[in-house]
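In: What follows is a predicted structure for the sequence shown.
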Amino acid sequence: MTTITKDGDKRILVVDDDDQVLFVWSNALASARDITLVTAQDGQEALEILDQDGFDVIITDLRMPRMDGYELTEAIRRHNHDITIVWLTGYRDPSRAPMEERLNVHRCVDKPLTVAQIRSLVREAVEVAEAGAARQA
């Protein structure tokens, strides 16, 4: 687990089994203000982290060992239907659309992403999370 600790009031969890992907995400968001970034290497580690802390946005790869992104999303949705979740994938699978809708996934994005795309995606996901929080208040 990697944590970039700042004064960030928005907490982002990025889950991917590829160290290079996590490195790119960490570097892309290192200068982002108001964000605390935490990373996990698979769904099981992510659930352990989620048991300890709350997050505004979860960005997860779909294909990982131990627990994949689908299983992680289902586990999260059993406890928190409103958290903003983004799926990352390197594999096109048209059959995932119904599951994406059923699990209330904000977006599914194809990898790899550029630094600009990462920053834009995170800004968008944070805005969605903030709008959801405002509706509940």
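Out: That came through fine.
In: drop to CA atoms for contacts and neighbour counts, all remaining ones
Out: Will do.
In: List of residues touching the lengthiest helix in the chain?
Out: For the chain, the longest helix by residue count, based on DSSP state H, is helix 115-136. Contacting residues not belonging to helix 115-136 are listed as 10, 24-25, 28-29, 56-57, 82-86, 106 [C-alpha atoms under 8 Å, 6 or more residues apart in numbering].
In: ok, now stretch 17-30?
Out: 4, 14-16, 35, 37, 39-42, 61, 64-65, 115-116, 118-119.
In: buried ones in that stretch?
Out: Buried residues in stretch 17-30, defined by neighbour count with 16 or more other C-alpha atoms under 10 Å: Asp17, Val21, Leu22, Trp25, Ser26, Ala28, Leu29.
In: quick one on the thing from earlier: from the contacts of stretch 17-30, list the buried ones, please.
Out: 14-16, 35, 37, 39-42, 61, 64, 118-119.
In: By pLDDT, give me the weakest of those.
Out: In terms of pLDDT, the lowest of the buried ones among the contacts of stretch 17-30 is Ile35, showing 89.
In: quick revisit: just the contacts of stretch 17-30: which are in helices?
Out: Residues of the contacts of stretch 17-30 located in helices (DSSP H): Val115, Ala116, Ile118, Arg119.
In: Look up phi and psi at the most centrally placed residue in the chain.
Out: The residue lying closest to the centre of the chain (C-alpha atoms, centre = their mean) is Ile59, at 1.4 Å. Note on Ile59: backbone dihedrals following degrees, to the nearest 10 are phi -120, psi 120.
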